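# Give me a model of this one.
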Amino acid sequence: MSAPTDLVYVFSSRSRLAYARDILNVTCLPREVVYLFRYYYKFVPESLRASGGLRSAIAGKEAIIIFADIVEVGAGREYRFVPIRRARLLDPTIVGSVIYVPFQLKEFVDLGRDVSLHAKCDDQIKTLQGAPRFSMDPKESGSFILPAPCIELLSETSTPFDEDSQQRAWESIVERLSRTESFKFSTFYRIRSVKSGNKTLRPLIAGAGSEYPLSGNETLSITLSFFHSRNPIIERRKLKLVANGDLFSGDVDREIPADLPYNDVTMRLLARRTLERQLTSVSFAPQPWSPNPQEIRLMNQALNDGEGRQLTLDILQKEAAELEQQFASGTFIAPFPEIVIKLGIPWVTVISVAVLFLLANIGLAANTEWVSGIGVALSIDVLQQFPGTWAVFMRTGGAVAFLFATVYVFRRLPIK
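Okay, the predicted model is just below:
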């Protein structure tokens, strides 16, 4: 894949826990799913703040989703940029002083395991005019939606579409994020596939979102891939599959262990039969988890290995206090992805059943006079000569059509 010469750089920082979770969700969700970022006016260039100007500048454009990590540098702070994923921007919406920017997720950015390449990429992004800068003054903070030329490193980087290449690209991103202060305790996984039987499902864009189409009585299979490269403290972590028990059976409310360094887990949900089209969601909720002081100590030793940092009791207590809010909810340490499922009966099914019952009614109503009359009206000699034989044949055909229609209804429609 050749990189476009012009891009829209879409940034998300860790200034709020929700923004950091956005980045985790972007690393987790499958290709072609639509996700949404939100921005105040002050983080968007003034030239783009008008609805028409913003739409013409970014809608339909190729984008790069970038995590703006906040790091201590001397007595101050600055952003350190980590490119995560390519995307295609959809129509933005302005509501009051907030700009909503939906985008369709594409390939992961693969910079490999070379730390020097990540540093080079960070330096090149910082050279872009209008790139975000850490500042308490909004006028000095740069733009978090930035149309600009593609930097050299990204233009030279191509990531194949195949699943193995994407898995390796994702793992390299996990390794980079797990070195940051924001995500050093995070649980990392991605939704690797969404299938119905052996068929891979593709989400369809619906407004500012996306939906997976699924018919009743079909099995939805979702495979999660876990990977922890530098996290020694993952014991007892769990996720929970959350789905509507009135619409699905199977692994609803199943707890999923998330405490292996790498693992693939497949969940299966059987969609109940329904006559109505319904929208529902399937999500993976991280279960509450809190490390004990010894685990925090081991974690910090692993992550600060080689930095010569003395982990005194005061430092550990301070870090424990800083992490208290993070662990209190149990949700920041992991993505909380949600996919939308559109349940219903395909029109082909409805039309097929209607046609079968129509043919059944016509066939079962056949008699000698009726067949003979049709033969005369349509000038078909064989119907006029043998009306009794054709009447028996048509009644038999009607009975077969009625049998097929009945079996189809009981198999595909919500008859209890």
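# Was I right to think residue 238 contacts residue 258?
Yes: under the criterion of C-beta atoms under 8 Å, residue 238 makes contact with residue 258 at 5.9 Å. Every C-beta, even on glycine, is put in place using the N, C-alpha and C of the backbone.
# out of the two, which sits in the busier spot?
residue 258 (24 against 17; other C-beta atoms under 10 Å).
# quick one: the more buried one from residue 354, how far?
47 Å (C-beta to C-beta, to the nearest Å).
# likewise residue 379?
Residue 379 is 30 Å from residue 354, by C-beta to C-beta.
# Which one of the two is surrounded by more residues?
Shown here are residue 379 and residue 354; by other C-beta under 10 Å, residue 354 has more neighbours (11 against 8).
# The more buried one and residue 82, how far apart?
55 Å.
# Ok, residue 269 next?
For residue 269 relative to residue 82 (C-beta to C-beta), the value is 34 Å.
# With residue 212 instead?
Distance from residue 212 to residue 82, by C-beta to C-beta: 29 Å.
# where does the stretch 301-416 of the chain dip in pLDDT?
By pLDDT under 70, the weakly predicted segments of the stretch 301-416 of the chain are 301-332, 346-347, 409-416.
# quick one: the helices in it?
Secondary structure of the stretch 301-416 of the chain by DSSP state H, counting those that start in this stretch: the helices cover 313-329, 347-364, 368-378, 381-385, 387-412.
# try the chain
17-28, 51-58, 115-126, 152-155, 163-177, 293-303, 313-329, 347-364, 368-378, 381-385, 387-412 (DSSP state H).
# Those helices: which one's closest to residue 251?
Minimum separation from residue 251 across the helices of the chain (C-beta to C-beta) falls at helix 17-28, 18.1 Å.
# Who are the packing partners of the closest one?
Packing partners of helix 17-28 (3 or more C-beta pairs under 8 Å, 6 or more residues apart in numbering; DSSP states H and E): strand 6-13, strand 34-40, strand 62-73, strand 76-89, helix 163-177, strand 189-196.
# go again using 7 Å as the cut-off
Helices and strands touching helix 17-28, by 3 or more C-beta pairs under 7 Å, 6 or more residues apart in numbering; DSSP states H and E, are strand 6-13, strand 34-40, strand 76-89, strand 189-196.
# what are the phi and psi angles of residue 30?
phi -80, psi 170 (degrees, to the nearest 10).
# Per-residue pLDDT of it, please?
With respect to pLDDT, residue 30 scores 95.
# ok, how many other residues are close to it?
22.
# you'd agree it is up against residue 191?
Yes: judged on C-beta atoms under 7 Å, residue 30 makes contact with residue 191 at a distance of 4.8 Å.
# Would you map out the domains in the protein?
Under automatic domain parsing, the residue ranges defining each domain of the chain are 1-160, 347-412.
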